[in-house]
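Participant: after the sequence you'll find the predicted model.
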Amino acid sequence: MGNNDSKPQGSHGSSYGATIDSIQNIMAIDKAMVQKLRSHMMTQLQAGLEKEGQTINMIPTYVGTVPTGKEKGEFLAVDVGGSNFRVVKASLSGDVSGIKMSEVKEPISEVCVAVLTKARDVEHLLSHVSFSGNQDRNW
């Protein structure tokens, strides 16, 4: 009761402070290590863009211009992750405050995997995507 130590005490009366400090010291990295990790990751990302079969496989994305915020129209973004298939539809009115977004996120099922692996092209793949609330989304 008379302990003035501000660190939490365990049920057996031992201080967690030394354990927490030890874990923090193990996990701490200095600026030089951050730079080394950054450099290594950039090298791996570049290798993944240059050819297949690398540690980090990359798909090149070609962006022609930087968005101005005045774009108009409807745009789709498709994300196929390890366990989810996500599609976002952004409706742009030409004004940054007029952006409307709809999202469909579904677990990747066997049917979805079949669609993704058998798609002949992007149009075929996207023909299976619907933003209608009335459509069954169990791909």
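Facilitator: Now that the structure is in, tell me what you want to look at.
Participant: contacts and neighbour counts: CA atoms only from here.
Facilitator: Noted.
Participant: quick one: the nearest residue to Pro60 once chain neighbours are set aside and Lys100, what's the gap?
Facilitator: Spatially, and ignoring its direct neighbours in sequence, Pro60 is nearest to Leu49 (6.2 Å; C-alpha to C-alpha, 6 or more residues apart in numbering). Distance of Leu49 to Lys100, given as C-alpha to C-alpha, to the nearest Å: 32 Å.
Participant: more crowded one of these two?
Facilitator: Each of Leu49 and Lys100 has its neighbours counted (other C-alpha atoms under 10 Å); Leu49 has more, 15 against 12.
Participant: the more buried one against Tyr62, yeah?
Facilitator: No. Here Leu49 does not reach Tyr62: they are 12.0 Å apart, not a contact under C-alpha atoms under 8 Å.
Participant: now the helices for the chain?
Facilitator: Assigned by DSSP state H, the helices in the chain fall at 17-27, 31-50, 110-118, 122-126.
Participant: so which of these comes closest to Val88?
Facilitator: Closest to Val88 of these is helix 122-126 (C-alpha to C-alpha; 11.9 Å).
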